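A.B. asks: everything below, folded, please.
(one chain, ligands or ions: 1)
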Amino acid sequence: MDTASEEYTFTSFSYLPFYTQVNVRLLDLAEVGKQRTIVDLGCGTGGVTKLILERLQSAKDTVIYAVDHSTTALKAAAEEIGERKDLVVNYVHSEAQNLTDAVKDRVDAIVYCNSIHYVPDKAKLVKQIKEKLVTRGIFAFNTSFFEGAHPEDSHEFFRKWMMRSLRILKREHGLSPKKTSKVESRVQLTANQYIDIVEGAGLKILVNDLNRVEVPHEGWHQISGFSDWIEGVMPGVPLDKGRESLQKGLAQIWTEMELKTVPRVWLSVSASKV
Ligand SMILES: C[S@@+](CC[C@H](N)C(=O)[O-])C[C@H]1O[C@@H](n2cnc3c(N)ncnc32)[C@H](O)[C@@H]1O
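C.D. replies: Modelled structure (predicted):
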């Protein structure tokens with residue numbers, strides 16, 4: 001599946017410092033560095049893949065599988081990372097749900113950054129993940145699309161931002177979102193439901209935590225240019241019109257509310273194949 005053009009990828013968001021920090025923490029949990037064969041599931045445009053590579057500098061016996069269902073994202077990742085002679089990066093075009101076939105070997109770690117929320121049948125996927133791990137291998141994922149990701153003190157900002165952006169969309173483009181069924185990333189599980197899924201697959205939870213992250217204006221601005229985000233908050237709206245309305249609405253509300261940051265909570269979980 002590949003709906004978005006390069007113009008609407010995740011690249012500019014993925015290199016923001018606050019976001020890098022969130023993912024660096026996840027790589028710590030996955031013990032990347034000690035673990036040498038790694039799947040970067042839902043790798044996107046390679047932001048996390050690059051962080052993995054930094055920890056595996058000139059390492060022998062190192063293999064990375066960067067898996068994504070977007071050819072646009074994989075192409076951007078390959079360009080960003082470039083040719084590496086010292087280690088192997090395999091770019092795998094596949095649905096995460098087809099992991100069993102997509103990656104033939106068993107690996108030491110599977111990291112799944114900010115992408116698990118897209119998959120409808122998470123239990124089935126996590127069972128495949130377990131089968132792909134060597135004994136004592138680690139699965140680590142994070143997400144900020146779960147029930148509890150929006151702290152109480154961010155609600156007013158969100159409400160105002162969405163209302164303003166919708167008004168701009170209507171006034172300037174004569175458009176409104178289509179009332180379709182919720183996209184999968186909008187159907188949100190609780191942290192406990194995620195834990196149940198991981199344990200239900202037979203993995204042992206090592207770390208399960210919630211981090212409040214202060215997201216700057218730049219974060220909300222860049223995410224408004226990402227196709228998945230636009231399609232989530234403004235379903236059926238052309239990406240260019242959606243981005244423009246969201247970014248204009250954001251700028252106005254940010255100034256009016258005199259904001260410096262708006263918080264969001266990330267769930268990070270690591271688990272081992274006992
Ligand atoms: C928000 S980006 C995260 C990228 C990267 N992991 C990061 O944290 O910087 C989500 C990525 O997941 C990919 N994705 C979404 N659903 C997927 C699926 N079912 N199978 C494979 N990739 C998927 C999207 O194409 C996108 O590149």
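A.B. asks: chain center to stretch 89-102: distance?
C.D. replies: Relative to the centre of its chain, stretch 89-102 is centred 16 Å away, using Cα atoms, centre = their mean, to the nearest Å.
A.B. asks: give me the neighbour count for Leu53.
C.D. replies: For Leu53, the number of neighbouring residues by other Cβ atoms under 10 Å comes to 21. No exception for glycine: its C-beta is placed from N, CA and C like everyone else's.
A.B. asks: quick one, phi/psi of it?
C.D. replies: Recorded main-chain torsions at Leu53 are phi -60, psi -40, according to degrees, to the nearest 10.
A.B. asks: and it, what does it touch?
C.D. replies: Contacts were defined as Cβ atoms under 8 Å, 6 or more residues apart in numbering; by that measure Leu53 touches Ile64, Ile81, Arg84, Leu87, Val89.
A.B. asks: and those, which of them are buried?
C.D. replies: When burial is judged by neighbour count using 16 or more other Cβ atoms under 10 Å, the buried members of these are Ile64, Ile81, Leu87, Val89.
A.B. asks: per-residue pLDDT, the second one?
C.D. replies: It refers to Ile81. Looking at Ile81, its pLDDT stands at 91.
A.B. asks: so it makes contact with Val89?
C.D. replies: Yes: taking Cβ atoms under 8 Å as the contact criterion, Ile81 and Val89 are neighbours in contact, 6.2 Å apart.
A.B. asks: what's the overlap in contacts for these two?
C.D. replies: In the contact map built from Cβ under 8 Å, 6+ apart, the residues linked to both Ile81 and Val89 are Thr49, Leu53.
A.B. asks: can you map out the helices along this protein?
C.D. replies: For the chain, the helices defined by DSSP state H cover 11-14, 17-29, 47-55, 71-81, 99-102, 122-132, 155-173, 191-200, 217-223, 227-233, 239-256.
A.B. asks: what mean pLDDT does the second one get?
C.D. replies: Think helix 17-29. On average, the pLDDT along helix 17-29 is 97.
A.B. asks: now the angle between helix 47-55 and that helix, please.
C.D. replies: Angle between the axes of helix 17-29 and helix 47-55 is 60 degrees (criterion: axes from the mean of the first three to the mean of the last three Cα atoms, to 10 degrees).
A.B. asks: off-centre distance for helix 17-29?
C.D. replies: 12 Å.
A.B. asks: now the third one
C.D. replies: In terms of Cα atoms, centre = their mean, the gap separating the centre of helix 47-55 from the centre of its chain is 15 Å.
A.B. asks: close to the ligand, is it?
C.D. replies: Yes: with Cβ under 6 Å from any ligand atom as the threshold, helix 47-55 lies in contact with the ligand, specifically through Gly47, Val48.
A.B. asks: for the ligand, give me its nearest residue in this protein.
C.D. replies: For the chain and the ligand, the shortest gap (Cβ to the nearest ligand atom) falls at Gly44, measuring 2.6 Å.
A.B. asks: quick one, what contacts that residue?
C.D. replies: By Cβ under 8 Å, 6+ apart, the residues touching Gly44 are Thr9, Phe10, Ser14, Asp68, Ser70, Ala73, Ala77, Ser115.
A.B. asks: gap between it and Ser70?
C.D. replies: 8 Å (Cβ to Cβ, to the nearest Å).
A.B. asks: between these two, which contacts overlap?
C.D. replies: Residues touching both Gly44 and Ser70 (Cβ under 8 Å, 6+ apart): Thr9.
A.B. asks: show me where pLDDT drops low in the stretch 151-274 of the chain?
C.D. replies: Per-residue confidence for the stretch 151-274 of the chain (pLDDT under 70) gives these ranges: 181-186.
A.B. asks: let's go with 80 and repeat that
C.D. replies: By pLDDT under 80, the low-scoring segments of the stretch 151-274 of the chain are 179-187.
A.B. asks: what number of residues lie near the spatially closest residue to Glu199 that is not a sequence neighbour?
C.D. replies: On the basis of Cβ to Cβ, 6 or more residues apart in numbering, the spatially nearest residue to Glu199 that is not a chain neighbour turns out to be Ile205, at 6.4 Å. Applying the criterion other Cβ under 10 Å, we find 13 residues in the vicinity of Ile205.
A.B. asks: alongside the ligand, which residues does the protein contribute?
C.D. replies: The chain has residues 10, 14, 23, 42-44, 47-48, 68-70, 73, 95-97, 113-115, 118-119 near the ligand, with proximity defined as Cβ under 6 Å from any ligand atom.
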